[in-house]
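*Asks:* Give me coordinates for this.
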Amino acid sequence: MNRLCRAVIFVTLLLAGNAALAETLTLEQLIAEALEKNPEIRALAADVSAAKGEATTARTWSNPELAAAPGVKHVRGEGSEFHGDLELTQTFEFPGKRRLRRAVAEKNVEARELALASFRFQLTIQVRRAFYSIL
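*Replies:* Predicted structure coming up:
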């Protein structure tokens, strides 16, 4: 049984078990409470936040990396001398790849926001059905 059905059953039992409470609560209050306390909505909202973070990451350039490796170089018969290696690297992506990654990340944000909005709409419908079936 998915969480949506459990939430609807919870609201139904809440109304059926407490007749005095059922008379005082309005449909809008029940919908607001179901939207506020549903754990799947919080999970979907976290998905939207994660997708926004991915979109931010897709827009940023990668930082150049600098590496240093100091050491001593031994030369036969002549002693030793200081020898160090410095390395600077910067990733250059294939043309269009960064723009494509950014577009995919932005569409991912839109898709997750749509999933959140549709779940809220479905939950509202289920609460309305439960409310009117009890009445």
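
*Asks:* For stretch 92-105, what does the pLDDT average out to?
*Replies:* The average pLDDT within stretch 92-105 is 89.

*Asks:* That one: which residues count as buried?
*Replies:* By 16 or more other CB atoms under 10 Å, the buried positions in stretch 92-105 come out as R98, R101, R102, A105. Bear in mind the C-beta positions are built from the backbone N, C-alpha and C, glycine included.

*Asks:* now swap in stretch 107-121 and tell me
*Replies:* N108, V109, R112, E113, L116, F119, R120.

*Asks:* Now flag whichever of those residues is closest to A34.
*Replies:* R120 (9.5 Å; CB to CB).

*Asks:* my guess is the closest one meets L35, correct?
*Replies:* Yes - contact criterion CB atoms under 8 Å: R120 and L35 qualify, at 6.0 Å.

*Asks:* okay, and the common contacts of the two?
*Replies:* Common contacts of R120 and L35, defined by CB atoms under 8 Å, 6 or more residues apart in numbering, comprise I41.

*Asks:* just for this structure, where's the confidence low?
*Replies:* 1-23, 72, 74-75, 77-80 (pLDDT under 70).
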